[in-house]
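**Q** Sequence and predicted model, in that order:
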Amino acid sequence: MLQITFIRENKEKVINTLKKRNIDVTIIVDELVELDEIRRTKQVELDNTLSESNKLTKEIGKLIKNGEESKAKILKEKNLLLKEKSKDLSEIVDKSTESILEKLYTLPNLPNDIVTEGKTPDENIIVFSEGDIPTLHENAQPHWELIKKYDIIDFELGNKITGAGFPVYKGKGVKLQRALINYFLDKNTDAGYNEVQVPHMVNEASAYGTGQLPDKEGQMYHDITDNLYLIPTAEVPVTNLFRDVIFNENELPILTTAYTPCFRREAGSYGAHVRGLNRLHQFDKVEIVRVEHPDKSYDALELMVEHIKDILRELKLPYRILRLCGGDMGFTSALTYDFEVYSTAQERWLEISSVSNFETFQANRLKLRFKDKDGRKQLAHTLNGSSLALPRVLAGILENYQTVEGIVIPDVLRSYCGFDIIN
């Protein structure tokens, strides 16, 4: 959430910067500035009224103590009017504050200066690529055929139990899935991330805290009875570990990793590109989250990018990194890099990670702060990244490592799997 003080002092910058996201926020920004002016003016008036009322209360006490009841009665009547006025002013302040908050929740984060304008994923900028695209044998197949051939994932069983997009993993498919999870977690903890196990459902405050609400309300599974949401990513519960926390500056950075299943309705998704593991309603993901000093968050973002590069190098998957344009960035992000692996059998790139710096956007909602060297409280910066999302990584391995004899397991995963090939 953007800060109202920043919007008031940088009105034109906010309007012009958000044009990178292809939205015009002129009207809402004007409304926010006007509401803030009302709130601040009425708050000053309220403070003065309360101060005057407090003084009268003390004077009344002295008059009563001195037996001057008639004078006290006059001041009581005056004080009653002040109390009624303060009540009216307090209601105006509360209503304007509530209206400001509601409008602030609808504004996305400001893109970083290096983010380019653009409306579609086609306008994202490729900033890095690495790895050789393998040459497959003549009868190579996409992963949705391979999983049937080797009986390692069953979509029909999942459909019977739950519905489309909820696969059942079987045999060596289960072991490969678990191997990837453990490998990712080991890589993350070796890099200094502290592993946590978190709930898979969150309350409304947590969903608002990281920006899923109100932006992605329709994409989350919602338990109406208890007003809880199934998590779309571990980012939500992990980042909320630090809600309402004030760190000392020397405690930063905070590095955290977690494995969770993720649940997304994916409403409106259809077409050939969502076949098989390409898009699911339930999938596994390992996440990394950082809480950083504002002066160091972009260095931290580069460290996260390098960390994920290292994982993909060890998996020996061809990949590329894109810097997202304004129109393709998430609601809460200031700067996002997407990682994509190349699926040789599908002849297309598959997104397997997003790494983002949210700057103070989430921290403002979360009241996540730190005390600087002078003891002043400042908002921290939050960052997160997939490290990694499993379905498309698994799809990439199945397709790129397929041979006539079977699917060869990447060297780095063999000790985790306990086998070298799926055949």
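**A** Received it, and whenever you're ready, just let me know what you need.
**Q** gap between the residue nearest to Asn124 when sequence neighbours are not counted and Glu287?
**A** Closest residue to Asn124 apart from its sequence neighbours, by Cβ to Cβ, 6 or more residues apart in numbering: Leu322 at 4.2 Å. For every residue, glycine as well, the C-beta is placed using N, CA and C. Distance of Leu322 to Glu287, given as Cβ to Cβ, to the nearest Å: 20 Å.
**Q** and the helix or strand harbouring Asn16, how far out from the chain's middle?
**A** Using DSSP states H and E, Asn16 sits within helix 11-17. In terms of Cα atoms, centre = their mean, to the nearest Å, the centre of helix 11-17 is found 23 Å from the chain centre.
**Q** Return the set of buried residues in the very next helix or strand once past it.
**A** Downstream of helix 11-17, the next assigned helix or strand under DSSP H and E is helix 26-65. Within helix 26-65, the residues scored as buried using 16 or more other Cβ atoms under 10 Å are 28-29, 32-33, 35-36, 38-39, 42-43, 46, 49-50, 53, 56, 60, 63.
**Q** Strands of the stretch 51-200 of the chain, start to end?
**A** With DSSP state E, counting those that start in this stretch as the criterion, the stretch 51-200 of the chain has strands at 125-130, 153-154, 168-169, 194-195.
**Q** Let me see the mean pLDDT of the second one.
**A** Here strand 153-154 scores 96 as its mean pLDDT.
**Q** The first one too?
**A** Averaging pLDDT along strand 125-130 gives 98.
**Q** Which secondary structure elements does that strand sit against?
**A** Judged by 3 or more Cβ pairs under 8 Å, 6 or more residues apart in numbering; DSSP states H and E, strand 125-130 is in contact with helix 297-315, strand 319-323.
**Q** The shortest one packs against which elements?
**A** This points to strand 319-323. Against strand 319-323 (3+ Cβ pairs under 8 Å, 6+ apart) you get strand 125-130, helix 297-315, strand 335-343.
**Q** Distance from that strand to the middle of the chain?
**A** Relative to its parent chain, strand 319-323 has a centroid offset of 20 Å by Cα atoms, centre = their mean.
**Q** So what are the sheet partners of that strand and their directions?
**A** Applying DSSP bridges to the sheet, strand 319-323 is found paired with strand 125-130 (antiparallel), strand 335-343 (antiparallel).
**Q** Tell me what angle the first one forms with helix 297-315.
**A** Yep, that's strand 125-130 we're talking about. If you take axes from the mean of the first three to the mean of the last three Cα atoms, to 10 degrees, strand 125-130 sits at 40 degrees to helix 297-315.
**Q** Repeat that for the last one.
**A** Here the directions of strand 335-343 and helix 297-315 differ by 10 degrees (the same axes, to 10 degrees).
**Q** Keeping just the C-alphas, turn strand 335-343 into PDB.
**A** The C-alpha coordinates for strand 335-343 follow below in PDB (Å, rounded to 0.1, in the frame of the first residue of the first chain):
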ATOM      1  CA  LEU A 335      10.300  -4.700  -9.900                       C
ATOM      2  CA  THR A 336       9.900  -8.300 -11.000                       C
ATOM      3  CA  TYR A 337      12.200 -10.800 -12.800                       C
ATOM      4  CA  ASP A 338      10.500 -13.900 -14.300                       C
ATOM      5  CA  PHE A 339      12.500 -17.100 -14.900                       C
ATOM      6  CA  GLU A 340      11.400 -19.400 -17.700                       C
ATOM      7  CA  VAL A 341      12.700 -22.800 -18.700                       C
ATOM      8  CA  TYR A 342      12.500 -24.000 -22.200                       C
ATOM      9  CA  SER A 343      10.300 -27.000 -22.900                       C
END
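**Q** count of residues packed around Ile125?
**A** Ile125 is flanked by 13 other residues according to other Cβ atoms under 10 Å.
**Q** same deal with Glu138?
**A** If you count neighbours by other Cβ under 10 Å, Glu138 ends up with 5.
**Q** same question, Arg290
**A** 25.
**Q** if I pick it, what's in contact with it?
**A** Contacts for Arg290 (Cβ atoms under 8 Å, 6 or more residues apart in numbering) come out as Pro253, Ile254, Leu255, Thr256, Ser297, Ala300, Met304, Thr382, Leu383, Asn384.
**Q** Please give the element, helix or strand, for the last one.
**A** Element membership of Asn384, judged by DSSP H and E, is strand 381-389.
**Q** That strand packs against which elements?
**A** On a contact count with 3+ Cβ pairs under 8 Å, 6+ apart, strand 381-389 meets helix 171-190, helix 235-239, strand 282-292, helix 297-315, strand 348-359, helix 361-366.
**Q** could you give the angle of it to strand 282-292?
**A** Orientation check (the same axes, to 10 degrees): strand 381-389 against strand 282-292 gives 150 degrees.
**Q** Sheet partners, orientation included, of strand 381-389?
**A** With DSSP bridges as the test, strand 381-389 is paired with strand 282-292 (antiparallel), strand 348-359 (antiparallel).
**Q** Of all these, which one comes closest to Arg376?
**A** Judged by Cβ to Cβ, the one of the strands paired with strand 381-389 that comes nearest to Arg376 is strand 282-292, at 17.3 Å.
**Q** what angle do that closest one and helix 171-190 make?
**A** Using the same axes, to 10 degrees: strand 282-292 against helix 171-190 is 0 degrees.
**Q** okay, which residue of the chain is out on the far edge from center?
**A** Residue farthest from the centre of the chain, counting by Cα atoms, centre = their mean, is Gly67 at 64.6 Å.
**Q** Which pLDDT value goes with it?
**A** 89.
**Q** Distance check, Leu18 against Thr120.
**A** 18 Å.
**Q** These two: which is more packed in?
**A** Neighbour count, other Cβ under 10 Å: between Leu18 and Thr120, Leu18 has more, with 22 against 10.
**Q** Go ahead and confirm that one touches Leu107.
**A** Yes. Assessed by Cβ atoms under 8 Å, Leu18 is found in contact with Leu107 at 7.4 Å.
**Q** overlap in contacts of those two?
**A** Listed as contacting both Leu18 and Leu107 by Cβ under 8 Å, 6+ apart are Val25.
**Q** Would you mark the buried spots in stretch 179-196?
**A** Buried residues in stretch 179-196, counted by 16+ other Cβ under 10 Å: Ala179, Leu180, Ile181, Asn182, Tyr183, Phe184, Leu185, Lys187, Asn188, Ala191, Tyr193.
**Q** Likewise for stretch 149-157?
**A** The neighbour-count check on stretch 149-157 (16+ other Cβ under 10 Å) flags Tyr150, Ile152, Ile153, Asp154, Phe155 as buried.
**Q** what's the burial count for Ser387?
**A** With other Cβ under 10 Å as criterion, Ser387 counts 26.
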